[in-house]
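1. please find the sequence and the predicted model below.
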Amino acid sequence: MANAETTGAAAPSGAATYDSVAQAVHWLVAALAVIVVPLGWAIAGAPRNTPQRDLLLLLHRSAGLTILAAMVFRTGWRWHHPPPPLPSSIGRLEAALARLTHFALYLLLTVMPLAGYLNTAAAGHAVNFFGVLSIPPLLPENGRLSQVAIAIHLVAQYPLYLFIALHIAGALFHVAIRRDRVVERMLPIRRAG
């Protein structure tokens, strides 16, 4: 089935590109990940029951919920707009690693914020979204579920870091060594020639 992503605008090398919606959501999630991770680290060092910690929690939870919403949207978008095919120069092992990395990133970037929300909701607390909207706990209070959810949230960060590092390393490999313009498929602005 032909669609905007598989028949995307041609890059200078003739490779299909991701459409502008996929690109925008990719870079939104990347920017939010850069913000939410240091916020999470800062929460651990902030004294409990202080305005500083409350602000860090507000920002971390709000950015996390935005990532969750973006990932749910992105998954649906990708379902109806498959990514452009990889160039034929990409070997089977490299293509399998790319697919595994993307799958893991989608999974972790959905599970982590969901677990964060479940931790808060199962503890009986509403989540304040950027001070504009209060999202009530959508499930009954459950201390065990809250503990399991925060454990998943905290443990999942390590594989997330690994797969983000693999994703970035792959991008740098294609830019600096292969110079095959694979990365340009996700860039809104591509170089000429």
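-> On my side now, so go ahead.

2. flag every buried residue along the host helix or strand of Leu93.
-> With secondary structure defined by DSSP states H and E, Leu93 is part of helix 92-122. Across helix 92-122, burial judged by 16 or more other Cβ atoms under 10 Å covers 94, 98, 101, 104-122. C-beta coordinates here come from the backbone N, C-alpha and C atoms, glycine included.

3. identify the residues contacting stretch 34-48?
-> Contacting residues not belonging to stretch 34-48 are listed as Gln52, Arg53, Leu56, Leu57, Leu59, His60, Ala63, Gly64, Ile67, Gln157 [Cβ atoms under 8 Å, 6 or more residues apart in numbering].

4. so what's the nearest residue to the last one once chain neighbours are set aside up against?
-> On the basis of Cβ to Cβ, 6 or more residues apart in numbering, the spatially nearest residue to Gln157 that is not a chain neighbour turns out to be Met112, at 7.0 Å. Residues near Met112 by Cβ under 8 Å, 6+ apart: Gly64, Ile67, Ile152, His153, Ala156, Gln157, Leu160.

5. and the gap between the last one and Ile35?
-> What that stands for is Leu160. Distance, Leu160 to Ile35, by Cβ to Cβ, to the nearest Å: 14 Å.

6. more crowded one of those two?
-> More neighbours surround Leu160 than the other of Leu160 and Ile35, with 19 against 15 (other Cβ atoms under 10 Å).

7. what pLDDT does the more buried one get?
-> Leu160 carries a pLDDT value of 97.
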